[in-house]
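Chemist: What would the 3D arrangement of this be:
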Amino acid sequence: MQFYPLQFEPIFKERIWGGEKLKKVLGKSITSAITGESWELSAVEGDVSAVANGNWKGKSLTSLLEEFPEEILGSNVYRKFGCQFPLLFKYLDAREDLSIQVHPNDALAKARHKSFGKTEMWYIMQADVDAEIIVGFKNKSNAAEYVSSLKEKSLLSILDQKKVAAGDVFFLETGTVHAIGAGMVVAEIQQTSDITYRIYDFDRVDANGNTRELHVDLALDAINYNTVDTQRHYLKAVNVSNEVVHCPYFTTNFLPLDGEVLMNKTNESFTVYMCVDGNFSLKLNEKVYQYKKGDTLLIPAQISAYV
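Modeler: Numbering: from 1, shown residues only. Model (predicted):
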């Protein structure tokens, strides 16, 4: 079997806070003016990605993994997760502030939802002037202060807000209260999970006048009330994989390209590339594949050398 770099049909998600930057900034073929997310690579039940290129075009990610689990996932990943694809890759357009939310850890998510937890990271691709995110508490807090601040509508006063710029990276462990603010495009890498506890949604309503469900009580024992250091500073050496985040769930690197780079890797894990700026080509077995900003591709573990 000849394995090749796989691209997938994006799965677009309308969100109350979404906009049109996924088309304007990334060239995605969205049709709605409130598109908040483009799920690039997903095995979330009900939202499984389908291959967009090559011999396997139209085939679902899950059916591919049933047929070639170790060849695609890699020996280490297959040993740990079986045929499950453990990560979810997406681009987000926040025209408005996202809700303030938190994700449970693996143990809590498994007990309550039979799901993974949701450790994640953000790479800021574009940010308007004064765009901000919320990440954790300004000072150490507790459940009583959290509940009281919600009742008094003063939650924002105890949360840590940070201005962001293109190229900034934030790593959010489970339990970190967070929100992406208005005016940015974000590349997000996370565990395969869609479990979110929404804490506060700025009292907004949808087109039908309905508020979105909150999960205040569920969040109580999921929150980390300590202060957290979420921003990750990293090197940007050209033609080198510069490590950005290393955690039990994924390792991410920043690879600025200027010329040819020969990549050699083991068959222990798959590799995913998200093109966050410019364009690049990949040469494999005398064939050249072209990619542009906003593209995401999966290199099966079986492929060990390419340029």
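Chemist: On the three-state scheme, the residue lying closest to residue 11 once chain neighbours are set aside is what?
Modeler: Spatially, and ignoring its direct neighbours in sequence, residue 11 is nearest to residue 39 (4.0 Å; CB to CB, 6 or more residues apart in numbering). Where C-beta positions appear, they are placed from N, C-alpha and C, glycine not excepted. Under DSSP: H, G, I helix; E, B strand; the rest coil, the three-state class of residue 39 is strand.
Chemist: Pull the number of nearby residues for residue 39.
Modeler: With neighbours defined by other CB atoms under 10 Å, the count for residue 39 comes to 23.
Chemist: quick one: it and residue 85, what's the gap?
Modeler: Here residue 39 is placed at a distance of 12 Å from residue 85 (CB to CB, to the nearest Å).
Chemist: And the residue nearest to residue 11, what's its pLDDT?
Modeler: With respect to pLDDT, residue 39 scores 98.
Chemist: Hmm, it is touching residue 9, no?
Modeler: No - counting by CB atoms under 8 Å, residue 9 is not a contact partner of residue 39; they are 9.7 Å apart.
Chemist: which residues do those two both contact?
Modeler: residue 49 (CB atoms under 8 Å, 6 or more residues apart in numbering).
Chemist: isn't residue 133 right up against residue 162?
Modeler: Yes - assessed by CB under 8 Å, residue 133 is found in contact with residue 162 at 5.7 Å.
Chemist: the more surrounded of these two?
Modeler: Set side by side, residue 133 and residue 162 show more neighbours around residue 133, with 26 against 15, by other CB under 10 Å.
Chemist: what are the pairing partners of the strand or helix carrying that one, and which direction each?
Modeler: Using DSSP states H and E, residue 133 maps to strand 132-137. Note on strand 132-137: by DSSP bridges, its sheet partners are strand 159-163 (antiparallel), strand 178-180 (antiparallel).
Chemist: quick one: buried residues of the first one?
Modeler: Of the residues in strand 159-163, those scored as buried under the neighbour-count criterion (16 or more other CB atoms under 10 Å) are 159, 160.
Chemist: which residues touch it?
Modeler: So strand 159-163 is contacted by 100, 130-138, 177, 181, 227, 231 (CB under 8 Å, 6+ apart).
Chemist: Could you look up the next helix or strand downstream of that strand?
Modeler: strand 169-172.
Chemist: how about the strands in the stretch 1-150 of the chain?
Modeler: Taking DSSP state E, counting those that start in this stretch to define them, one finds strands in the stretch 1-150 of the chain at 11-19, 35-41, 43-44, 47-48, 87-94, 100-102, 120-127, 132-137.
Chemist: neighbours around the residue lying closest to residue 34 once chain neighbours are set aside, how many?
Modeler: Distance criterion CB to CB, 6+ apart; nearest residue to residue 34, sequence neighbours excluded, is residue 18 at 4.4 Å. The number of residues packed near residue 18 is 23, by other CB under 10 Å.
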